[in-house]
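Trainee: Next come a sequence and a model predicted from it.
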Amino acid sequence: MKELLDQAEIIKGLGRSVFSRNLIFHKTIDSTNTHAKELARKGAPHGTLVLAEEQTAGKGRLDRKWLSPGHENLLFTILLRPALNADNIFPLTMILAVSAIDAIKEMAGLNVLIKWPNDLYVNGKKLAGILTEFSIKDGSVEYVILGLGLNVNWMPGRGDGILYAATSILAESGIRVSRNELLTGILRRFEPAYEDVLSGKIDELHSRWSELSFVIGKDVEIISIDEVTRGKVIAIDREGALILKNSMGHEIRILSGDVSLRF
Ligand code: BTN
């Protein structure tokens, strides 16, 4: 029997977390990110959590679609109103990735890694993606929305329209985890990490996202909207940018793009 998302259980599991105060649940919605953005523009508070069983127009990065069959996976977006400057938005994506990785490890024993900038991979296959969107007004951050699509109990198969090498927690571990518990496990970890980012306590978090990033030390090709950059990844810095060394020995700092590994 499929376990449904249960708002009461989620709120209970979140306890006093800011994310328990404004949970918006939809059985079906176009995209939790699109909805969270509309709510943000209308003044929804920090901590708003938009959760759906199913999306009809799920969005990925670089104008891609995010496909996910209903009732199997996690699809949610959190709305944040951080007192940060724009340079510090990217660490928020990183701490959501680390929070999800730690919760998955605890519940299913899987070793999940980060493929910079926003993918979670296990055994060479994509398990999850994060879509980060934000608005800057008069030089400060008005809101940030972080959307996570995480394949939990879906079994990859033919005819699901998902073309890339994707997998799920169930497919990799054989364990059917509770989506309600997984969601609360992720957000309970995210909240203290978020407070640390706000107060500049970033050393430990930076070490974690560095050790979990499997692109470090690899030769990569970064494809962004207008150029392709090649080099060896030497670090992901404290602001979440990728530091590459190119064939001329020059260091290049990259803030966004799509990474492909070169062997
Ligand atoms: C990517 O891999 O390109 C990012 C995928 C992000 C998908 C999630 S699902 C929940 C939230 N709502 C969306 O429309 N997208 C994000």
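Mentor: Now that the structure is in, tell me what you want to look at.
Trainee: residue contacts, the residue most central in space within the chain?
Mentor: With distances taken as CA atoms, centre = their mean, I130 lies nearest the centre of the chain, 2.9 Å away. By CB atoms under 8 Å, 6 or more residues apart in numbering, I130 lies in contact with T93, L96, A97, N118, D119, L120, L146, G147, L148. In short, each C-beta sits where N, CA and C put it, glycine included.
Trainee: Show the pLDDT at the fourth one.
Mentor: Per-residue confidence at N118 stands at 92 (pLDDT).
Trainee: So in terms of bridging, what pairs with the residue nearest to it when sequence neighbours are not counted?
Mentor: Nearest residue to N118 in three dimensions, chain neighbours excluded: I130, at 4.4 Å (CB to CB, 6 or more residues apart in numbering). Note on I130: beta-bridge partners L148, judged by DSSP bridges.
Trainee: any idea how far the residue in the stretch 151-263 of the chain that the ligand sits nearest to is from V215?
Mentor: In the stretch 151-263 of the chain, no residue comes nearer to the ligand than D258, which is 9.0 Å away by CB to the nearest ligand atom. Between D258 and V215 the distance is 12 Å, computed by CB to CB, to the nearest Å.
Trainee: Next to the ligand, which bits of the stretch 151-263 of the chain? Give me the list.
Mentor: Nowhere does the stretch 151-263 of the chain come near the ligand, counting by CB under 6 Å from any ligand atom.
Trainee: Quick one: the strands in the stretch 51-200 of the chain, in order.
Mentor: Secondary structure of the stretch 51-200 of the chain (DSSP state E, counting those that start in this stretch): strands at 74-80, 113-115, 119-122, 125-137, 140-150.
Trainee: Out of the ones you listed, the one nearest L205 is which?
Mentor: Each of these was scored for nearness to L205 using CB to CB, and the closest is strand 113-115 (12.4 Å).
Trainee: about what we covered before: among D258 and V215, which residue is more densely surrounded?
Mentor: Ranked by neighbour count (other CB atoms under 10 Å), D258 and V215 place V215 first, with 22 against 18.
Trainee: And the pLDDT for the more buried one?
Mentor: 92.
Trainee: residues touching the residue of the stretch 1-150 of the chain found nearest the ligand, list them.
Mentor: For the stretch 1-150 of the chain and the ligand, the shortest gap (CB to the nearest ligand atom) falls at G129, measuring 2.0 Å. If a contact means CB under 8 Å, 6+ apart, then G129 has G60, R61, W66, N118, D119, L120, L148, G149 as its contacts.
Trainee: which of those residues are close to the ligand?
Mentor: Within the contacts of G129, those near the ligand by CB under 6 Å from any ligand atom are G60, R61, W66, N118, D119, L148, G149.
Trainee: If you rank those residues by neighbours, which is first?
Mentor: Busiest of the ones next to the ligand among the contacts of G129 [other CB under 10 Å] is L148, holding 28 neighbours.
Trainee: so that one sits right up against F76, yeah?
Mentor: Yes - if you go by CB atoms under 8 Å, L148 and F76 touch, sitting 5.9 Å apart.
Trainee: Common neighbours of these two, please.
Mentor: Taking CB under 8 Å, 6+ apart as the criterion, L148 and F76 do not both touch any residue.
Trainee: what's S168 in contact with, if anything?
Mentor: Taking CB under 8 Å, 6+ apart as the test, what S168 contacts is E72, N73, L127, N151, V152, N153, W154, M155, P156.
Trainee: The closest residue to Q7 other than its chain neighbours in helix, strand or coil?
Mentor: Closest residue to Q7 in three dimensions, ignoring its sequence neighbours and counting by CB to CB, 6+ apart: F25, at 5.1 Å. Secondary structure assignment for F25 (DSSP: H, G, I helix; E, B strand; the rest coil): strand.
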